[in-house]
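[1] Quick one, structure for this:
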Amino acid sequence: MPVAPDYMRSAAKKALDIRKDLPPSRQYGTRVGLARANQIANGDNLSTSTLVRMRSYLIRARENYRTARDKGLTAENSKAVGAYLLWGGPRALSWVNQQIKKIQGR
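    Below is the predicted model:
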């Protein structure tokens with residue numbers, strides 16, 4: 001099972017660090033998102049089903065992330081940016097897609 005590359009681990013760690021310093025009303029991430037961030041940050045093996053769920057989230061949230069970044073927002077002041085970083089950041093979708101293709105033998 002694959003392990004997230006360093007750039008994804010770094011993004012997840014950064015988002016977790018920023019989140020813990022925010023007031024509760026500005027914190028981002030669901031329980032699932034926080035669990036995923038910890039898996040990624042810790043370098044845990046990611047199962048096929050986890051990769052599929054990651055792909056689903058990253059596709060679904062990509063436009064909100066891009067819109068926030070285009071406005072100059074960061075994880076410190078945007079829940080959309082922070083939550084996306086929890087899941088590995090903007091480069092994560094490409095990596096997840098590559099891993100799924102490898103597993104499927106394509």
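[2] how about the helices in this structure?
    Assigned by DSSP state H, the helices in the chain fall at 6-20, 31-42, 48-70, 79-86, 92-104.
[3] Find the residue closest to residue 2 in space, skipping its chain neighbours.
    In space, and not counting its chain neighbours, residue 2 is closest to residue 99: 4.8 Å by Cβ to Cβ, 6 or more residues apart in numbering. To be clear about C-beta, it is placed using only N, CA and C from the backbone, and glycine gets the same treatment.
[4] ok, now residue 7?
    Residue 7 sits nearest to residue 91 (Cβ to Cβ, 6+ apart), 5.8 Å away.
[5] Just read off the phi/psi values of that neighbour.
    phi -90, psi 0 (degrees, to the nearest 10).
[6] thinking it is in contact with residue 10, fair?
    No - applying Cβ atoms under 8 Å, one finds residue 91 not in contact with residue 10, separated by 10.4 Å.
[7] The most centrally placed residue in the chain and residue 32: what is the separation?
    In the chain, the centroid-proximal residue (Cα atoms, centre = their mean) is residue 87; its distance is 1.1 Å. Distance of residue 87 to residue 32, computed by Cβ to Cβ, to the nearest Å: 10 Å.
[8] Same question for residue 65.
    17 Å.
[9] Who has more neighbours out of these two?
    residue 65 (21 against 12; other Cβ atoms under 10 Å).
[10] quick one, what contacts residue 16?
    34, 37-38, 41, 86 (Cβ atoms under 8 Å, 6 or more residues apart in numbering).
[11] Now compare these and name the two farthest from each other.
    34 and 41 (10.3 Å; Cβ to Cβ).
[12] beta partners for the closest residue to residue 43 other than its chain neighbours?
    Leaving out its chain neighbours, the residue that sits closest to residue 43 by Cβ to Cβ, 6+ apart is residue 3, at 5.2 Å. Beta-bridge pairing for residue 3 (DSSP bridges): residue 45.
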